[in-house]
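Student: can you look at this prediction? I've put the sequence above it.
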Amino acid sequence: MHKEEHEVAVLGPPPSTILPRSTVINIHSETSVPDHVVWSLFNTLFLNWCCLGFIAFAYSVKTGTQALPESEKGTHRDRKMVGDVTGAQAYASTAKCLNIWALILGILMTIGFILLLVFGSVTVYHIMLQIIQEKRGY
């Protein structure tokens, strides 16, 4: 969490009679950093062509463990809790990019595999049909 300090002057009587005072207000800003774990897990299980889904899953999990001491690694998943929002954003961005590529390549390669299967089956069917017709001709 980022701690921001803002100085606010308290208005009062003229400075000649009272010493100037200041008040410090701590504002805790909640920065939401998505870790894309669910998306990475989906890509790992269903669209893991070229292992991009698994690598994205590793970066998603690493979003929470990079800034922790060695004794605590693996116990937290959220880098925001330890104050490393910049690191969490970097890992989340990498996981998002890898997930996008895993999804695109997974869809394209799945469509390609289905087309290959269909055209291969049709070709094998025509070859078998031709062999059967040649044997009947003898």
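Tutor: Thanks, I have it. Numbers count the residues shown, from 1 in each chain.
Student: make it CA atoms for all contacts and neighbour counts henceforth
Tutor: Noted.
Student: residues in contact with Cys50?
Tutor: Ala102 (Cα atoms under 8 Å, 6 or more residues apart in numbering).
Student: SS state for it?
Tutor: Judged by DSSP: H, G, I helix; E, B strand; the rest coil, the three-state class of Cys50 is helix.
Student: and it, how far from Tyr59?
Tutor: 16 Å (Cα to Cα, to the nearest Å).
Student: now swap in Phe46 and tell me
Tutor: In this view, Phe46 and Tyr59 are 18 Å apart by Cα to Cα.
Student: can you classify Val24 as helix, strand or coil?
Tutor: Three-state call for Val24 (three-state DSSP): strand.
Student: cool, and Val33?
Tutor: Following three-state DSSP, the label given to Val33 is coil.
Student: the more surrounded of Phe46 and Tyr59?
Tutor: Higher neighbour count among Phe46 and Tyr59: Tyr59, with 26 against 12, using other Cα atoms under 10 Å.
Student: separation between that one and Ile100?
Tutor: Using Cα to Cα, one gets 13 Å for the distance from Tyr59 to Ile100.
Student: helix, strand or coil for Ala88?
Tutor: Judged by three-state DSSP, the three-state class of Ala88 is helix.
Student: hmm, His36 and it touching each other?
Tutor: No. Applying Cα atoms under 8 Å, one finds Ala88 not in contact with His36, separated by 11.3 Å.
Student: the more surrounded of these two?
Tutor: Neighbour tally, Ala88 and His36, criterion other Cα under 10 Å: the higher count belongs to Ala88, 27 against 20.
Student: once you drop chain neighbours, what's closest to the more buried one?
Tutor: Spatially, and ignoring its direct neighbours in sequence, Ala88 is nearest to Thr63 (5.0 Å; Cα to Cα, 6 or more residues apart in numbering).
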